[in-house]
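Student: Provide a 3D model corresponding to the input given below.
(chains A and B, ligands or ions: 1)
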Amino acid sequence: MEKFVRLDGLVAPLDRANVDTDAIIPKQFLKSIKRSGFGPNLFDAWRYLDPGEPGMDNLRRPLNQAFVLNQPRYKGAQILLARENFGCGSSREHAPWALLDFGLRCIIAPSYADIFFNNCFKNGLLPVILEGGAVDQLFREVEATPGYRLVVDLEKQVVLSPRGQAFAFSIDAFRKHCLLNGFDEIGLTLQHADQIRAFEAKRRAEQPWLFG
Amino acid sequence: MKQAQTLYDKLWTSHVVREESDGTALIYIDRHLVHEVTSPQAFEGLRLAGRQPWRVDSIVATADHNTPTRDWDHGIRDPISRIQVETLDANIKAFGAKAYFPFLDARQGIVHVIGPEQGATLPGMTVVCGDSHTSTHGAFACLAFGIGTSEVEHVLATQCLVMKKARNMLVEVSGRLGRGVTAKDVVLAVIGEIGTAGGTGCAIEFAGSAVRALSMEGRMTLCNMAIEAGARAGMVAADEVTIEYLRGRNFSPTGEAWERAAAYWRILVSDPGAHFDKVIRLDGAGIEPQVTWGTSPEMVGSIDSRVPDPAQIVDPTKRKSIERALDYMGLQPDTPITEIRIDKVFIGSCTNSRIEDLRAAASVVKGRRVAGSVKLAMVVPGSGLVKRQAEAEGLDRVFREAGFDWREPGCSMCLAMNDDRLEPGERCAATSNRNFEGRQGAGGRTHLVSPAMAAAAAIAGRFVDVRSQF
Ligand code: SF4
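Tutor: Below you'll find the predicted structure:
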């Protein structure tokens, strides 16, 4: 997994609540057996005017100019500003894969759906939670200021605005540790293999019907 | 004295392998369900790291999302779908599984239908799958929840997950449900009440006399949509209904092990006085048949209500989402739900494709005809075994004679990864669980309802109160 330490990035605002993972990456693209290549189809139904299918040449498709990520001023955005319950619905990890493949490294929202939130950490995508008032303010600032950037400092757990305002956020210590170091969680868990084996043996003795 | 525990507390505690001081725990996983969409990258990861599955006999796999629902003798025509299904075939062959129900197998079906049907989901288990509707299995007093593909790989490699305990939430439905009111209506009403983020960070236990009175099929419908209420896991305490359902199933224990298991299962209930962080109470008798009108399951109302008027909504974010939803759904504010006409009907999905669901729909359809204005009405049984049972009961004839398509099992038009889908602008009465934009096909408009309500809508060509149809 790629490390996440500090990011100074352009911000794009997606002003909708309850953005679901079906919208982030529609199901027809889940047929892929790879982890990469989902970026061109991120928010496919909102980004393009024609129905998208796998294998299309996305560069030739008509763009929905009204959609925020198609506006030139947000080109190259690495931070997505979003509303509550972002990433609800399907468990598809293709959602964070698509966001990352598009170039985003961080999302800022007041709340997330649990599975999506979890999936982000496994891929080096940082979901920052700020309270609603702060998010409202950031929406106003980013919309009023072309080229608006934020600094996200994971080590210090703060988001810094261009005017020097600091928004602190909290994050689970284990997740922070994994992100800062780009750790492979499976490797960490396997350090406890003996303990897992012992637990399993006990369980097998007590509830043998769960095994075999 | 031991502190009173909730069912969730008991399930959690009995699976903790180790716990860090900050509450991060390693949780042991008993059952790992696998389907073709969320597993290829996990198996690939395993392969790249040179790892083997930790416990092959925990794995039960099937292909369900991409499989066609007709012309099975032609195989899977879409080449990309076919590759994904064949990739699962190859991965199971290479790594192994306790059971695999591939495309064309008589027991193949939606992963959340076949697990319980086979007795592969047992009380007291932790059950995971790379699929958010894994919450369904919580109906068996399991801790069951959906995971992402990295976690699929993590479970394959370690038989464990790293997680923190969720909060306890109780949804208590008292009293008795009225005639024609089902588990689907209950869960839609709950979501309407608490919103799609109402259960975020929580494990929901559904309890109360109206829940106790439900069959296992009904309880599965309820837990299935816990995720639409924002909760990763939903559950119902074990009782004699649970135990009777499991007796004699393919993977259920037998003989002396059965007696021991059943005795253990009976303690899988919340202790009296156990603490819940959040409690919601509903009167079952007050719940009416529900229909969603928007693009999120929380945008729901009873059959005798009207589509809301965004102009009346004060909160700007909420007003905007209702405006956007009505625009997408092609609906005018204040339209009575019963005036909404439909183009298609889909009876299926892991929410409502079990035998009881098909019986309920068939009882409404019997002796009637699908309205001429309805372009397609289809029934997609949840599994091969459900299909066979329905045919043995003659339900397929009831549906066919009324003008329904009777299809092969799979996820089908719940998410339209196969050929079954809505065309842009088409409006569908669906028994599935998500009405998101484009969920059933780009531009398609989904209204979530119970099987009986979907059947009644098929006959009338618009939404009607199923209670007026008896
Ligand atoms: S039926 Fe629908 S919700 Fe259920 S597993 Fe299949 S696609 Fe997912």
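
Student: ok, longest strand in the chain?
Tutor: As the question left the chain open, I've gone with chain A. Criterion DSSP state E: the longest strand present in chain A is strand A:6-13.

Student: should've been chain B
Tutor: Longest strand in chain B, counting by DSSP E: strand B:167-174.

Student: one step back: give me the buried positions along the longest strand of chain A.
Tutor: Neighbour-count burial for strand A:6-13 flags A:7, A:9, A:10, A:11, A:12, A:13 (criterion: 16 or more other C-beta atoms under 10 Å in any protein chain shown). Yep, even glycine has a C-beta here, placed from its N, CA and C like the rest.

Student: again with stretch B:386-399
Tutor: So for stretch B:386-399, counting by 16+ other C-beta under 10 Å, buried means B:386, B:387, B:388, B:389, B:390, B:395, B:396, B:398, B:399.

Student: Give me the subset of those lying in helices.
Tutor: Secondary structure from DSSP state H places B:386, B:387, B:388, B:389, B:390, B:395, B:396, B:398, B:399 of those in helices.

Student: near chain A, from those residues?
Tutor: By C-beta under 8 Å from any C-beta of the partner chain, no member of those lies near chain A.

Student: Tell me how many other residues surround residue B:79.
Tutor: Other residues lying near residue B:79 total 11 when counted by other C-beta atoms under 10 Å in any protein chain shown.

Student: And for residue A:132?
Tutor: 13.

Student: what's the distance between it and residue A:92?
Tutor: 27 Å (C-beta to C-beta, to the nearest Å).

Student: And the strands in chain A, which stretches?
Tutor: Using DSSP E, strands in chain A cover A:6-13, A:79-81, A:106-109, A:126-129, A:149-153, A:158-160, A:166-168.

Student: what's next to the fifth one, contact-wise?
Tutor: Contacts with strand A:149-153, where a contact means C-beta atoms under 8 Å, 6 or more residues apart in numbering or on different chains, come from A:6-11, A:79, A:106, A:108, A:126, A:128, A:138, A:159-162.

Student: ok, is the helix ranked longest in chain B in contact with the ligand or not?
Tutor: In terms of residue count, the longest helix belonging to chain B (DSSP H) is helix B:79-95. No: contact of helix B:79-95 with the ligand (C-beta under 6 Å from any ligand atom) is absent, the minimum separation being 13.3 Å.

Student: So residue B:60, which state does it fall into?
Tutor: strand (DSSP: H, G, I helix; E, B strand; the rest coil).

Student: mind listing what the residue in the stretch 251-400 of chain B that the ligand sits nearest to touches?
Tutor: Residue of the stretch 251-400 of chain B nearest the ligand, by C-beta to the nearest ligand atom: residue B:350 (3.3 Å). When contacts are counted by C-beta under 8 Å, 6+ apart, residue B:350 touches B:110, B:111, B:112, B:113, B:133, B:136, B:224, B:382, B:411, B:414, B:433.

Student: hmm, 7 Å instead?
Tutor: Residues in contact with residue B:350 (C-beta atoms under 7 Å, 6 or more residues apart in numbering or on different chains) are B:110, B:112, B:113, B:133, B:136, B:224, B:382.

Student: what about it, helix or strand, and which?
Tutor: Using DSSP states H and E, residue B:350 sits within no helix or strand.

Student: OK, contacts around the closest residue to the ligand within chain A?
Tutor: The ligand sits closest to residue A:90 of chain A, with a gap of 7.1 Å, by C-beta to the nearest ligand atom. By C-beta under 7 Å, 6+ apart, the residues touching residue A:90 are A:21, A:22, B:132.

Student: and the residue nearest to residue A:40 when sequence neighbours are not counted, how far is that from residue A:52?
Tutor: Excluding its sequence neighbours, the residue lying closest to residue A:40 (C-beta to C-beta, 6 or more residues apart in numbering or on different chains) is residue A:58, at 4.1 Å. In this view, residue A:58 and residue A:52 are 8 Å apart by C-beta to C-beta.

Student: list residues touching both of these two?
Tutor: Common contact partners of residue A:58 and residue A:52 (C-beta under 7 Å, 6+ apart): residue A:41.

Student: Who has more neighbours out of those two?
Tutor: residue A:52 (18 against 14).

Student: Counting neighbours, what do you get for the closest residue in space to that one that isn't next to it in sequence?
Tutor: Once flanking residues are discounted, residue A:52 sits nearest to residue A:44: 4.3 Å by C-beta to C-beta, 6+ apart. Neighbour count for residue A:44, taken as other C-beta under 10 Å: 25.

Student: what about dumping the CA coordinates of stretch A:201-212 to CSV?
Tutor: The C-alpha trace of stretch A:201-212 is given here as CSV (Å, rounded to 0.1, in the frame of the first residue of the first chain):
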residue,chain,number,x,y,z
ALA,A,201,-8.0,-25.2,18.2
LYS,A,202,-10.1,-24.2,21.2
ARG,A,203,-13.0,-23.3,19.0
ARG,A,204,-12.7,-26.6,17.2
ALA,A,205,-12.9,-28.5,20.4
GLU,A,206,-15.9,-26.5,21.7
GLN,A,207,-17.9,-26.3,18.6
PRO,A,208,-16.7,-29.0,16.3
TRP,A,209,-19.8,-28.6,14.0
LEU,A,210,-18.3,-25.3,12.7
PHE,A,211,-15.4,-27.2,11.2
GLY,A,212,-15.1,-29.9,8.6
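
Student: As PDB, could you dump the C-alpha coordinates of stretch B:10-19?
Tutor: This file holds the C-alpha atoms of stretch B:10-19, laid out as PDB (Å, rounded to 0.1, in the frame of the first residue of the first chain):
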ATOM      1  CA  LYS B  10     -21.800 -12.300  23.000                       C
ATOM      2  CA  LEU B  11     -21.000 -12.900  19.300                       C
ATOM      3  CA  TRP B  12     -18.100 -10.400  19.400                       C
ATOM      4  CA  THR B  13     -16.500 -11.600  22.700                       C
ATOM      5  CA  SER B  14     -16.600 -15.200  21.500                       C
ATOM      6  CA  HIS B  15     -14.600 -14.400  18.400                       C
ATOM      7  CA  VAL B  16     -11.800 -12.100  19.800                       C
ATOM      8  CA  VAL B  17      -8.400 -13.700  19.200                       C
ATOM      9  CA  ARG B  18      -6.500 -10.800  20.700                       C
ATOM     10  CA  GLU B  19      -7.200  -7.200  21.500                       C
END
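
Student: Give the buried residues for that stretch.
Tutor: For stretch B:10-19, by 16+ other C-beta under 10 Å, it's B:10, B:11, B:12, B:14, B:15, B:17.

Student: what about the longest helix of chain B and chain A, touching?
Tutor: Yes: Helix B:79-95 reaches chain A (C-beta under 7 Å from any C-beta of the partner chain) through B:80, B:81, B:83, B:84, B:87.

Student: re earlier: so which of the contacts of strand A:149-153 comes closest to residue B:29?
Tutor: Nearest to residue B:29 out of the contacts of strand A:149-153 is residue A:126 (C-beta to C-beta; 26.6 Å).

Student: Right, I'll leave it there.
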